[in-house]
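# need coordinates for the below:
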Amino acid sequence: MVARPSSPWCTSGVSWEAAGGFPEVFTTAHDALFSQCGLAMGERALVHGAAGGVGTAGVQLAVAAAAQVTATVRNPDRREAVAAFGATVVAPDGLEGHGPFDVILELVGAPNMAANLEALALGGRIAVIGVGSGAVAEINLHTLMERRGRIHGSTLRPRPLEQKADAARKVEAHVLPLLAAGRVTVPIAATFPMPEAEAAYDHFAAGGKLGNVVLVAAGAR
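So this is what the prediction gives:
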């Protein structure tokens, strides 16, 4: 839903649709990459499912942090647009010759986990924040041990209010200036009026889009 005019997330020059699409995806990506995985300048990052809302946010944040970013995108029609954010874009099965990766942002789920471990650098970190293609995976714990790796799982919604507020403050401090400067953007795949929320969800669930699906409240424009 688009933000109201009083929202602290609103930034001059940003459309209401972009303002509405910004908070959840950028907070989710920022928390996973930096608070959980401690992505540092110059590290190698891999973002799976990079054409979606959280994926495009993750790619842009990692690029802004001067990481070397590789992104997987299933739909070949979306790869060029994701590459424009500064990532090397490959098909989901095209990781050979890329990596190893210090941080892997997993938005697809179980099918990628075995390959993620093989592609993980020593001391690498995997953040699992999406399981749309499956939630149950078999992994080789020997590989995890050899890589001295870590796997994090996370979702924002069930966290206590204090933790959500902390995540929001970090985004306000570190990401809103990037949005204001045009260094990150909020791709909008489609907008729907609030009464068409069911159609909006169907469009979201269909996949293959670039960026966010936003519900627009009456009078918000």
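
# so what touches the helix-or-strand element of the chain with minimal mean pLDDT?
Within the chain, no helix or strand scores below helix 197-206, which has a mean of 88 by mean pLDDT, DSSP states H and E. Outside of helix 197-206, the residues within contact range by C-beta atoms under 8 Å, 6 or more residues apart in numbering are 189-190, 192, 209, 213-215. Any C-beta I mention is one placed from the backbone N, CA and C, and that applies to glycine too.

# helix or strand right after that helix?
strand 212-216 (DSSP states H and E).

# and A50, its phi and psi?
phi -80, psi 0 (degrees, to the nearest 10).

# oh, I was asking about V103
phi -130, psi 130.

# is it true that it touches H48?
No - between V103 and H48 there is no contact, the gap being 11.6 Å when judged by C-beta atoms under 8 Å.

# for I151, what is the enclosing helix or strand?
Going by DSSP H and E, I151 is part of strand 150-153.

# what strands line up against that strand, and which way round?
When sheet partners are counted by DSSP bridges, strand 150-153 sits next to strand 120-128 (parallel).

# and the helix or strand just after the partner strand, what's buried?
For strand 120-128, the following helix or strand on the C-terminal side (DSSP H and E) is helix 141-147. Using 16 or more other C-beta atoms under 10 Å as the test for burial, helix 141-147 gives 144, 147.

# give me the contacts around helix 141-147.
By C-beta under 8 Å, 6+ apart, helix 141-147 touches 117-118, 120-124, 149, 151.

# from those, which is closest to A168?
Distance to A168 across the contacts of helix 141-147 (C-beta to C-beta) is lowest for I151, with 25.3 Å.

# so who does the closest one touch?
I151 is in contact with 125-126, 128, 144, counting by C-beta under 8 Å, 6+ apart.

# among those residues, which one has the most neighbours?
I126 (28 neighbours; other C-beta atoms under 10 Å).

# where's it relative to M194, distance?
I126 is 37 Å from M194, where distance means C-beta to C-beta, to the nearest Å.

# picking up where we left off before, could the contacts of helix 197-206 go into JSON lines alongside distance to T72?
Shown next, in JSON lines, are the contacts of helix 197-206 (distance: C-beta to C-beta, whole Å):
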{"residue": "A189", "distance to T72": "18"}
{"residue": "A190", "distance to T72": "23"}
{"residue": "F192", "distance to T72": "28"}
{"residue": "K209", "distance to T72": "16"}
{"residue": "V213", "distance to T72": "21"}
{"residue": "V214", "distance to T72": "24"}
{"residue": "L215", "distance to T72": "28"}
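
# what's the closest non-adjacent residue to H98?
What sits nearest to H98 in space, not counting adjacent residues and going by C-beta to C-beta, 6 or more residues apart in numbering, is T70, at 5.0 Å.

# got it, and R74?
Using C-beta to C-beta, 6+ apart and skipping the chain neighbours, the partner closest in space to R74 is P92 (5.7 Å).

# buried ones in stretch 154-169, by neighbour count?
167-168.

# using CSV, write down the CA coordinates of it.
Only the C-alpha atoms of stretch 154-169 are listed here, as CSV (Å, rounded to 0.1, in the frame of the first residue of the first chain):
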residue,chain,number,x,y,z
SER,A,154,14.7,-15.0,9.1
THR,A,155,11.4,-13.3,8.7
LEU,A,156,10.5,-9.8,10.0
ARG,A,157,6.8,-10.1,10.7
PRO,A,158,6.8,-12.2,13.9
ARG,A,159,9.6,-10.1,15.6
PRO,A,160,8.9,-8.0,18.6
LEU,A,161,8.1,-4.4,18.0
GLU,A,162,11.4,-3.3,19.4
GLN,A,163,13.4,-5.3,16.9
LYS,A,164,11.2,-4.1,14.0
ALA,A,165,11.8,-0.5,15.2
ASP,A,166,15.6,-1.2,15.3
ALA,A,167,15.5,-2.5,11.7
ALA,A,168,13.5,0.5,10.5
ARG,A,169,15.9,3.0,12.2
